[in-house]
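Visitor: only geometry, no sequence info:
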């Protein structure tokens, strides 16, 4: 599903997880075309999250339509729990429980696989069935002296294999009817979050993450001799390393202040070529990277 805010492009929405920017967490998200139609993150993993549609706090940047700030819940720190569910959107398994009951540490893991692809795997053919799978997790690790650590991550792979064209030229009513295609996407993000309380009025939160995403397409066409020839292919990749940290202090009962920064190192690779009169000609081939640092201060006063 695409999220459109005030008529802006879906690409204007900033996705964040555990306090830091991540790639679009949806399956089948094509480069430049916004979100895919299915979330990579299972609802079993979600805690209270924030959705901003305007007047963003100053700690958020790189967004002009909205911000979806996702937070993962921590696992049960007292007993182990398991859940299994199957539905149209997928078949998933969740595990959670204590890592160390004495320290209140816990884990939470969720894995999901396409139900339609699962039906195909057991031998029942479903034309055009999308294939996807995803994994997400969170480890909650409180310490006595260094604060609370969280190690988290999510990732997903998805693919859609087009139907094979008929090997009968009399049935080719258009150029598309003699072509087969493959479309695949993927994304992943892992991070470490630390919340360190200095005293009852102030704390420091730091997040370090690494993430990336890709989309690729491959199209072949059937010739008159019923042999395939590549018609088009592309591959787009993005990767990022990010650090976000801020100091928050409650000055008094009405005034609070926050100082922080975000460091981004991002890179990309894109490649596309197309068959032009029997010759594969390159349309796009670029690689690059850049870095940026964003410093902010915000103050909140309750009247």
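Guide: Alright, I've got the coordinates. A quick note: this is a predicted structure, and the numbers were derived from the prediction, not measured.
Visitor: contacts and neighbour counts: CA atoms only from here.
Guide: Fine.
Visitor: quick one, helices of the chain?
Guide: Secondary structure of the chain (DSSP state H): helices at 115-121.
Visitor: Next, count neighbours for residue 268.
Guide: For residue 268, the count of nearby residues is 17 (other C-alpha atoms under 10 Å).
Visitor: no no, residue 303
Guide: For residue 303, the count of nearby residues is 5 (other C-alpha under 10 Å).
Visitor: what residues are up against it?
Guide: The neighbourhood of residue 303, defined by C-alpha atoms under 8 Å, 6 or more residues apart in numbering, consists of residue 254.
Visitor: low pLDDT regions in the stretch 1-150 of the chain?
Guide: Counting by pLDDT under 70, the ranges of the stretch 1-150 of the chain that qualify are 1, 32-36, 127-128.
Visitor: any chance you could map the strands in it?
Guide: Residue ranges of the strands in the stretch 1-150 of the chain, as given by DSSP state E, counting those that start in this stretch, are 13-17, 20-21, 26-27, 38-39, 50-52, 66-70, 81-87, 90-100, 105-113, 131-142, 148-161.
Visitor: nearest to residue 256, of those strands?
Guide: Of all the strands of the stretch 1-150 of the chain, strand 50-52 sits nearest to residue 256, with 19.4 Å by C-alpha to C-alpha.
Visitor: Tell me the spacing between residue 56 and residue 72.
Guide: Computed as C-alpha to C-alpha, to the nearest Å, the residue 56 to residue 72 distance reads 21 Å.
Visitor: More neighbours: these two, which one.
Guide: Shown here are residue 56 and residue 72; by other C-alpha under 10 Å, residue 72 has more neighbours (22 against 14).
Visitor: can you tell me which residues contact the more buried one?
Guide: Residue 72 makes contacts with 17-18, 45-48, 138, as judged by C-alpha under 8 Å, 6+ apart.
Visitor: so residue 76 makes contact with residue 101?
Guide: No: counting by C-alpha atoms under 8 Å, residue 76 stays clear of residue 101, with 10.0 Å between them.
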